[in-house]
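Asks: Quick one: sequence and predicted model below, then my questions.
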Amino acid sequence: MAENRLRIAVTGTGLVCPAGMNVPTSWDFVLSGKSSAAKCRQLEGLEIDYACSLTDFDPDKLLGRSLARRIDRFIQLALVSYRQAVAEAGLDPAKWNGKRIGVVVGNSLAGIERFLSEQHVLESEGERMVSPSTIPGAMMNMVAGQIAIDCHATGPSLLVSTACASGITAVDTACNLIKEGRCDVVIAGATEAPIVPLIVSSMNRLGALSKNSDIKHASKPFDRDRDGFVISEGAGFMILESEEHASARGQEILALISGVGTSTDAYHVTTPQPQGRGLSEAIQQALENAGLKGKDIQYVNAHGTSTPLNDITESRVIEKEIGRHAPVSSLKGAIGHTLAAAGAVETVLTILSVKHGIIPPTANLINLDPDINLDIVFGKPRELNIRHALKLSMGFGGHNGALIISSNN
Amino acid sequence: MTVVADKVTNILVDNFGLNKQNVKTNESLETLGVDSIIVIEIQLDLEREFGIKIPDGDILPGFTVNDISEYIHKRV
């Protein structure tokens, strides 16, 4: 079995998340082991009135008032993030052949903030005052459409939606477009802007959110006292191209996507299959895809939501499919759960772990759950030469995604 | 009239990112890159700013800032 048969190059990355407004600041933040959770003005009066939100994000300044006011926040976040990725990849949309450029974006909740605000206009000012931009500014696919318009990418553009596994599904779909020869370059990522009272209340009613009044320590993946996740927002994007295409244009390859696996539990809408069979299947596919064994993985960036059920189920699957040798960490203690964007945001940061040989600590983990038999990294970053890292995501609906990110060295 | 024109100009420039110089030289909305969706958005902003109702279709893509100001001036 040939190793690294997939070998899709990542040449650019972009991030807009509570850890930072770009990749370098976000990386520094997650290495610090701090949490970005804070009280949110828009959640005032709710039982859960905190989140990991982007307090410094100024869409008018970053995108111009005309565009910013006509699109929902999830599209705003994506536009800012994808532009960073294109710039890092050394690509100039004014010069590229748009027909060979694809766009694949993951999202789950569409423009919920925009829909709700226009519902308010409908009720308070009447039908004729509803904005004609409501639909084009909030429908799910429009994030891919807006990116395509912004950079004249006239190849395939589409939206994928597998809840919190959407980011990995986007990367998987993008890799396939490249492997099939349909695109030279694909802009792949995911975005979510869920911090509105309706979504936070609904997540709370599901029992998914932490109720910890110690806000800065509420999201604590793998800790024995974890009680749920802290909701978050953000977007993460990557520029993917074949290794040959990147090499031909002399572009630095940040890392390689060398294996992808996806599966579905077909068990329950929100609860993972108790033995984590679906996640096991996804990991097995990704390893086979890459021509690797569990022992070849040096680092696992876990989904690690900080919910009691996710972390124990995921830990057992990692122990079974990878073993105890590989250090594991979760970024959600630092940045919360960005839902559909999580797989993309965390993949970008895992690429940096592979590139720099540093594993960020699992923020807020103090007392490791005694039922978790893994080498969880916490307290401080750990230096480690990483040849192959595994990124995992699991989503409502039973979606599972596993991605193997390999060093280019 | 000047007050109305200034307010209309501010809406076009601040809310829709149109070039102030081009707006002031009385170029049409269409020429300034405004599409049919944005025309309605402009109409809604004008209604809110001046407290009037503007029937759909009254503000046309071919209107300039002077045309809009004259229209508003007659209605307020």
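Replies: The structure has been received and is ready for your questions.

Asks: which residues in chain B form strands?
Replies: Applying DSSP state E to chain B gives no strands.

Asks: By mean pLDDT, point me to the weakest helix or strand of chain A.
Replies: The weakest-scoring helix or strand in chain A, judged by mean pLDDT, DSSP states H and E, is helix A:65-68 (a mean of 92).

Asks: what about that one and chain B, touching?
Replies: Yes. Contact of helix A:65-68 with chain B (C-beta under 8 Å from any C-beta of the partner chain) involves A:R65, A:S66, A:L67. In this view, the C-beta of every residue, glycine as well, is placed from N, C-alpha and C.

Asks: With stretch A:134-143 instead?
Replies: Yes. Counting by C-beta under 8 Å from any C-beta, chain B is contacted by stretch A:134-143 at A:P136.

Asks: Please identify the buried residues of that stretch?
Replies: For stretch A:134-143, burial by neighbour count (16 or more other C-beta atoms under 10 Å in any protein chain shown) applies to A:T134, A:P136, A:G137, A:A138, A:M139, A:M140, A:M142, A:V143.

Asks: what's the third one in contact with, if anything?
Replies: Residues in contact with A:G137, defined by C-beta atoms under 8 Å, 6 or more residues apart in numbering or on different chains, are A:R70, A:I71, A:D72, A:I75, A:G111, A:R114, A:S131.

Asks: coming back round to it: Provide the contact partners of the least confident helix or strand of chain A at residue level.
Replies: With C-beta under 8 Å, 6+ apart as the test, helix A:65-68 has contacts from A:P59, A:D60, A:L62, A:Q76, B:D14, B:N15, B:F16, B:G17, B:L18, B:I38.

Asks: How about the backbone phi and psi for the residue of chain B found nearest chain A?
Replies: For chain B and chain A, the shortest gap (C-beta to the nearest C-beta) falls at B:G17, measuring 3.2 Å. Per-residue torsions, B:G17: phi 70, psi 20 (degrees, to the nearest 10).

Asks: Now for it, how many residues are close by?
Replies: Counted with other C-beta atoms under 10 Å in any protein chain shown, the neighbours of B:G17 add up to 18.

Asks: Over to A:A148?
Replies: 20.

Asks: Beta-bridge partners for the residue nearest to it when sequence neighbours are not counted, please?
Replies: Leaving aside its sequence neighbours, A:A148 sits nearest to A:S157 (C-beta to C-beta, 6 or more residues apart in numbering or on different chains; 4.6 Å). Counting by DSSP bridges, A:S157 forms beta bridges with A:V103.

Asks: Wait, A:S157 touches A:Y82, no?
Replies: No. With contact defined as C-beta atoms under 8 Å, A:S157 does not count as touching A:Y82 (11.6 Å).

Asks: And the two? Which one has more around it.
Replies: Counted by other C-beta under 10 Å, A:S157 and A:Y82 do not tie: A:Y82 has more neighbours, with 30 against 21.

Asks: residues in contact with the residue nearest to A:A148?
Replies: Here A:S157 is in contact with A:G102, A:V103, A:V104, A:A144, A:G145, A:I147, A:A148 (criterion: C-beta under 8 Å, 6+ apart).

Asks: please redo it, this time with the cut-off set to 6 Å
Replies: Each residue near A:S157 by C-beta atoms under 6 Å, 6 or more residues apart in numbering or on different chains is listed here: A:V103, A:A144, A:A148.

Asks: Assign a three-state SS to the second one, would you?
Replies: To tie it back to what came earlier, the one meant is A:A144. Taken by DSSP: H, G, I helix; E, B strand; the rest coil, the conformation at A:A144 corresponds to helix.

Asks: Good, wrapping up.
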